[in-house]
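Asker: whatever this is, show me its structure:
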Amino acid sequence: MGTTVRVLIRSVLNGPNHKALGWCNPGDIVDVASGVYARGLIEKGFVTTQLEPKVAAQEPPQVTMVADEPDVTSSARKLAGELGVDLAGVEGTGSGGRIIKSDVEDFAQRAEVDKSVG
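Answerer: Next comes the predicted model:
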């Protein structure tokens, strides 16, 4: 198993010698195989080391949804913006409780009825 070093990208890396990192932007943190290439990047100031070398095999990063932001389809989000609907008050009926376009339409319709009654 090889080792890698975690680095902070400081500048855009392009050209034939940087094909592996050409997709990176300044501020990205990536793992680079330790060795001559990594040392060259560090010496030339393209990157800054972040952590000690580590074994390359690792668990994939965990994806966590922010509780304050509901899961919403793009069409539902667009419609909510057009209608001025606050998505925090909409209950999702889609897969996994996702807010879909019809949820926004139903919520807006109920809000209109509540306005006319109240």
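
Asker: quick one, domains of the protein?
Answerer: Residue ranges for the domains of the chain, per automatic domain parsing: 3-55, 74-112.

Asker: now these in JSON lines, with mean pLDDT and mean neighbour count?
Answerer: Bear in mind the C-beta positions are built from the backbone N, C-alpha and C, glycine included. Output for the domains of the chain, formatted as JSON lines (pLDDT from 0 to 100; neighbours: other C-beta atoms under 10 Å):
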{"stretch": "domain 3-55", "mean pLDDT": "70", "mean neighbour count": "14"}
{"stretch": "domain 74-112", "mean pLDDT": "91", "mean neighbour count": "15"}
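
Asker: in which helix or strand does A76 reside?
Answerer: Using DSSP states H and E, A76 sits in helix 74-83.

Asker: contacting residues for the residue nearest to T73 when sequence neighbours are not counted?
Answerer: Nearest-residue entry for T73: I100, 5.3 Å, with adjacent residues in sequence omitted and distances by C-beta to C-beta, 6 or more residues apart in numbering. By C-beta atoms under 8 Å, 6 or more residues apart in numbering, the contact set of I100 is T73, S75, A76, G92, T93, G94.
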